[in-house]
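Participant: below is the sequence, then the predicted model.
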Amino acid sequence: MFSEGNQTFGICADFVCEQENVSIRFRRYVTVDFSVRLDKDVIIMQPTARVLECYKNDNTLTVDIEFINPSKKDLQISAVVNCGYSYIATRTGIKMGDSTLGTLMQKVKAGQHEIETLYLNLVNGDNLSYAYRVIEELIVK
């Protein structure tokens, strides 16, 4: 929630910052997406992985991960992904929270990137919704 009027919003990733001027009006939602500009401006210097997309299908969470290798030699990159979620227990009707963990490994050629999919199992319950997905650990060999 912000006051009405013209506002400037910004976000920084490492040393790159982007700003957007937005006109805030009562009862009007405004969405500002900095991802395209940040992707264009940020130069990746070290091997890494990032979550591109995440979606739920029944009791499975599908996570698309991009492995990036900016180095001059082929690397094996492995990412440990953790995702928190909530659900309503079918027997008790109580809202519960849990997390699921998975590892994905990919060989990435020098100067290339690869997109792979990780499938994470969720408990059986009603109103499943995931809260966050984080790459907890990145191993580069």
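Facilitator: Now that the structure is in, tell me what you want to look at. The model shown is predicted, which means the values in this text are computed figures rather than measured ones.
Participant: how about stretch 110-126: buried residues?
Facilitator: H113, E116, L118, L120, L122, G125 (16 or more other CB atoms under 10 Å). (C-beta placed from N, C-alpha, C; glycine too.)
Participant: and stretch 22-33, by the same measure?
Facilitator: Buried, per 16+ other CB under 10 Å, within stretch 22-33: nothing.
Participant: may I ask which two of the buried residues of stretch 110-126 are separated the most?
Facilitator: Using CB to CB, those span at most 35.4 Å, a distance reached by H113 and G125.
Participant: save the buried residues of stretch 110-126 as TSV, and put in distance to D98 too.
Facilitator: Below are the buried residues of stretch 110-126 laid out as TSV (distance: CB to CB, whole Å):
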residue	distance to D98
H113	31
E116	24
L118	17
L120	11
L122	8
G125	9
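Participant: ok, and the closest non-adjacent residue to the most centrally placed residue in the chain?
Facilitator: When CA atoms, centre = their mean is applied to the chain, the residue found nearest the centroid is V51 (4.1 Å). Leaving aside its sequence neighbours, V51 sits nearest to R133 (CB to CB, 6 or more residues apart in numbering; 5.3 Å).
Participant: much appreciated, bye for now.
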